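> Model the structure of this input:
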Amino acid sequence: MAATRQAIRLAVLISGGGTTLLNLLDKIDAGRLSARIELVICSNPAAERKVRDKLGDRLPPTQVIHRKTFNDVTSFSQTVFNAIRSSGAELVALAGFLCLLEIPDDYARRVLNIHPALLPAFGGQGMYGHNVHEAVIAHGCKVSGCTVHFADQTYDTGPILVQRCCPVRDDDTPDTLAARVFEQECQAYPEAIQLIAEQRVEIVGRVARIR
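Now for the predicted structure:
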């Protein structure tokens, strides 16, 4: 039987409209994810306004740390992780967070990201949102999907934890493919967080193994 524990404490980082944050909250409220969101960090004021309009009273404690007000990645990252430490979050979930972070030693292997393709294909700098889906269609791929991986110091290169697939159809546009991929993201991200909450994940080298 899998080990169980108290709800894992999360910080969720966003740069857009908060659809992934909403999905995590829905899974928590439905009893399908053993987690508690202690802090939401928005990388720009527009993201904070969008997520506040979308979630209203359901919005967890939220802080704007505007990337454009920092001169470099290092100072931005230090401010972000100081806020995360103060919240008591054990695990960080990047949820459409478009800013590169320098991950400090105390949060190594404690930061997750979700990517809208099957890594290691279609990853790296600039590969986010519709850019990814346009590339998948242009390459004639027959399947796409999403990848939940541990974030490291570069884009989309950390150990892979969960992947889910969906078909790419001949008449797909970036919008239709994005919608189909997001359906898989809504399952994959809570699954990955739950595996960590249940202490079932072991990382050996660059490989994440599930016990």
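> contacts and neighbour counts: CA atoms only from here.
Will do.
> show me where the protein has helices.
Listed in chain order, the helices of the chain (DSSP state H) span 19-29, 45-55, 73-87, 130-138, 174-197.
> export those to TSV and tack on distance to Leu98, mean neighbour count and mean pLDDT?
Below are these laid out as TSV (distance: least, Cα to Cα, whole Å; neighbours: other Cα atoms under 10 Å; pLDDT from 0 to 100):
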stretch	distance to Leu98	mean neighbour count	mean pLDDT
helix 19-29	14	18	97
helix 45-55	11	17	96
helix 73-87	12	16	98
helix 130-138	13	18	97
helix 174-197	17	19	98
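> check contacts around the spatially closest residue to Gly124 that is not a sequence neighbour.
Leaving aside its chain neighbours, Gly124 sits nearest to Tyr155 (5.0 Å; criterion: Cα to Cα, 6 or more residues apart in numbering). When contacts are counted by Cα atoms under 8 Å, 6 or more residues apart in numbering, Tyr155 touches 100, 123-125.
> on that earlier part again, out of the helices of the chain, which is closest to Glu38?
Closest of these to Glu38 is helix 73-87, at 6.1 Å (criterion: Cα to Cα).
> So which elements touch the closest one?
strand 35-42 (3 or more Cα pairs under 8 Å, 6 or more residues apart in numbering; DSSP states H and E).
> Let me know whether Ala197 touches Ile8 as I believe.
Yes. Ala197 is within contact range of Ile8, at 5.5 Å (criterion: Cα atoms under 8 Å).
> what do these two both touch?
By Cα under 8 Å, 6+ apart, the residues touching both Ala197 and Ile8 are 34-35.
> returning to what we had before: put the buried members of the contacts of Tyr155 into a ChimeraX selection.
Command for ChimeraX that selects the buried part of the contacts of Tyr155, burial taken from 16 or more other Cα atoms under 10 Å:
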select :100,123
